[in-house]
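please find the sequence and the predicted model below.
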Amino acid sequence: MNLLRMLFQEFKIQNPRLYNNILPDKKSQMSVSDFLDKIKNETTDTLQENYFKNRQRTSTKNGIPKVDAVVLFLKALQNNGVEYLQDLQTAFYNSKLENNIKSIPGQNSGISLKYFYMFSGFKDLIKPDRMILSFLKDRFNKSFNHDEALVLLMETAVNLSKELGMEITPAFLDNKIWYYQRSKII
């Protein structure tokens with residue numbers, strides 16, 4: 001959902017939870033409905049050209065523009081009662097929301113939803129994308145599925161936290177692994 005982050009930047013919406021666990025007061029947040037209202041008159045082309053500078057699709061086969069996926073994602077949140085960060089704690093266990101997100105073309109793996117939760121401050125999650133799975137395969141000479149990768153990074157985070165005497169989260173490991181893998185590509 002990097003496109004969502006870009007749209008946040010365009011509308012100068014800050015993510016106050018990026019580096020701490022304190023939820024800001026709802027009055028200081030923009031609701032999902034207000035956000036959708038801000039972009040309701042924009043066409044896909046306008047969002048692609050003027051806000052995202054991105055014409056990518058969610059997948060090469062039967063994908064939709066990523067901009068449209070972001071709007072559908074936001075509408076799924078709205079339709080499932082998620083308006084503010086405070087609503088995410090209960091939404092995390094909402095299988096209807098998860099199914100709504102997974103029904104968006106190109107989102108059926110649920111990786112984007114996990115990434116969204118991570119970006120929203122859920123530190124015990126990872127986004128088991130190709131970078132993470134590739135790193136684990138290189139290290140262990142074996143393939144991991146998404147759930148196995150999550151368990152492995154959760155266990156590693158717990159062990160490192162004990163060993164180092166400081167909090168290491170799966171999301172932190174995910175971030176460091178992703179940047180390490182990216183540096184190998186560039």
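Sure thing, it's come through.

domains for the chain, by residue range?
Per the record, the chain has its domains at 2-119, 130-185, by automatic domain parsing.

among these, show the one with the smallest mean pLDDT.
Of all the domains of the chain, mean pLDDT reaches its minimum on domain 2-119 (a mean of 84).

before we move on, back to that, redo the domains of the chain as TSV? Include mean neighbour count.
Backbone N, C-alpha and C define where each C-beta goes, glycine included. Output for these, formatted as TSV (neighbours: other C-beta atoms under 10 Å):
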stretch	mean neighbour count
domain 2-119	15
domain 130-185	14
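
contacts only, for Glu98.
Glu98 sits next to 110, 113 when contact means C-beta atoms under 8 Å, 6 or more residues apart in numbering.

let me fix that: Ile126
By C-beta under 8 Å, 6+ apart, the contact list for Ile126 reads 114, 118, 132, 149-150, 153, 170-171, 173-174.

Asn175 now?
Contacts of Asn175 (C-beta under 8 Å, 6+ apart): none.

does it count as helix, strand or coil?
Classification of Asn175 by DSSP: H, G, I helix; E, B strand; the rest coil places it in helix.

what packs against the helix or strand that Leu77 is a member of?
Here Leu77, judged by DSSP states H and E, is contained in helix 66-79. Helices and strands touching helix 66-79, by 3 or more C-beta pairs under 8 Å, 6 or more residues apart in numbering; DSSP states H and E, are helix 2-10, helix 32-39, helix 95-102, helix 111-119.
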